[in-house]
Structure formats: structure tokens, C-alpha cells
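In: Return a 3D structure for these sequence lines:
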Amino acid sequence: MKTFKIAALALATLSATSVSQFANAAVEANIGATSNYVWRGVSQSGDSASVSGGVDYSADSGFYAGTWVGSLSEGAGAETDFYLGYGGEAEGFTYDVGYIYYSYTDLDDSDFGEIYFNGGVGDFGFGVAYTVNSQVSEGSAFDTGDVYLYGSYGFALPEDYSLGLTVGYYNFDADAAMDYAHVQADLSKGDFTFSVSKAEDDSGDDDVKFIVSWGTTF
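Out: The predicted structure is shown next:
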């Protein structure tokens, strides 16, 4: 999903026992709401509120899979994401590799899929996603060959607050003029997050966005 729990699942460590991964499997559900569903710096909900929910399966081996649904802008229906991957840790380096498919209920010929890799050392993270299959018209954004890159840094603050900083860059294979960068800061405490996001996007979605989000798992 575009706000799915892959980052957390990537911290799963490799099992050191011979116990079946299914014997130690975990299933977790999540629900959330946000004042603006922003993905890679660009609003997916028309700068309006969005609600979401999902289910994740994870095993001690590091394998995970899940699905997530989020509402989009008026008239655009919903986005449903399906993903699976494998995450682990080796000598302080966390890694996560997988595949995600983005499906849209009311947007024809818009579905696409990516392979991705996320890594982390201490408070620093980075990742890359590459579009490998797509229903989008050839030569358009989100056709095959697009690459998204990001780097992040997060740290704890007093009173159980935390701050995360992300810088990302989207490279579109069809037209370099569509490429853009974005930055985002996320201040979190408990289930609540306040975000400030800014993208240099030629589509016009380049205003500074102030976002309040809530999410929980069970």
C-alpha cells in the first residue's frame, strides 16, 4: 500500500530455529484516517480526508504478505494494494525486498506493480522501487520502467515523541519532464502523526501540505 506497514515488517529478524514459520505466524489488522492521503509527496485524495484499513501476515522467517484499502478523491473510488516480501537483519543492517500491486476500483487502466528494496542502518533508511508491470498507457507516468528513490532519518524526542525526515525522488521513464522531488517531516506520538509535505511537481500539486493522521493495529 502507499502507507502500508512494510517498513515495520522489514525489521523482522531471521528465525534461528527449525520451527515451522507457520507455527509462529502472526496476523495483524490496521485501520487509519488522515486529513490528506499523500503518497510520495502527491495527494491521492484530492487534498481531502481518507480512511483506510488492511490485514498483514508475518512469519518469524521474515516472510510477510498483506493487503490494504484506502479511499481516494471523490469519484475515484478506492485503492487496494496487495504485497508480499521478505525482511531481515544482518549485523545491524535491516533489509526488505518485495513486490506490491496497486489496484484502483474506479480508475480504468491505472493498475501497476513494483518491486522494491528497503534498507536501514541505525536511524537511517533508504529504498528504491521499480515499476515492472502496468496497465497504464505506454509512454505515460506509472508505465513500466519508472524508478522511485528515497532516504530517511528518524529519531526519538522527549515525552515519547519521534521525528522522521524523508527525501524522495521520482524518475519517470516516459518523460523526464515529469520527474519530481519531495520532502516530508513526520512528528509522531502514540497513534497520531502530524506531517508537513512539499513536492516539486509540475502537475500543480506542489503546495505545502499539513496533514494530521491517526492509525492503529490490533
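
In: what about the protein, any weak spots by pLDDT?
Out: 1-24, 203-204 (pLDDT under 70).

In: bridging residues for the residue nearest to D179 when sequence neighbours are not counted?
Out: Closest residue to D179 apart from its sequence neighbours, by C-beta to C-beta, 6 or more residues apart in numbering: N171 at 5.3 Å. C-beta coordinates here come from the backbone N, C-alpha and C atoms, glycine included. In this entry, N171 is beta-bridged to V147, by DSSP bridges.

In: ok, now F155?
Out: Under the criterion used (DSSP bridges), F155 bridges to L163.

In: Which stretches in this protein count as helices?
Out: For the chain, applying DSSP state H gives helices covering 6-9.

In: what are the ranges of the strands in it?
Out: Counting by DSSP state E, one finds strands in the chain at the ranges 26-34, 38-39, 42-43, 50-58, 63-71, 78-90, 93-104, 112-121, 124-134, 147-156, 162-171, 180-189, 192-199, 209-217.

In: can you list the residues that contact stretch 143-159?
Out: Residues outside stretch 143-159 that contact it (C-beta atoms under 8 Å, 6 or more residues apart in numbering): 40, 112, 114, 123-134, 136-137, 162-174, 189.

In: what comes up buried for that stretch?
Out: For stretch 143-159, the neighbour count (16 or more other C-beta atoms under 10 Å) marks 143-144, 146, 148, 150, 152, 154 as buried.

In: Turn the residues you listed into TSV, including distance to E91.
Out: Shown next, in TSV, are the buried residues of stretch 143-159 (distance: C-beta to C-beta, whole Å):
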residue	distance to E91
D143	38
T144	35
D146	32
Y148	27
Y150	23
S152	20
G154	20
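
In: ok, of these, which one's closest to W68?
Out: Checking the buried residues of stretch 143-159 against W68 by C-beta to C-beta gives Y148 as the nearest, at 17.7 Å.

In: quick one: which of the buried residues of stretch 143-159 is nearest A33?
Out: Among the buried residues of stretch 143-159, G154 lies closest to A33 (C-beta to C-beta), at 22.3 Å.

In: can you tell me which residues contact the residue nearest to A78 when sequence neighbours are not counted?
Out: Closest residue to A78 apart from its sequence neighbours, by C-beta to C-beta, 6+ apart: T105 at 5.0 Å. Contact partners of T105, counting by C-beta under 8 Å, 6+ apart, are 77-80.

In: Check S213 too.
Out: 32-35, 192-195.

In: That one pairs with what?
Out: Beta bridges link S213 to T34, T193, judged by DSSP bridges.

In: Next one: it from P158, what distance?
Out: Counting by C-beta to C-beta, to the nearest Å, the gap from S213 to P158 is 22 Å.

In: now Y99
Out: Per C-beta to C-beta, Y99 is found 39 Å from P158.

In: Could you do G77 as well?
Out: According to C-beta to C-beta, G77 and P158 sit 42 Å apart.
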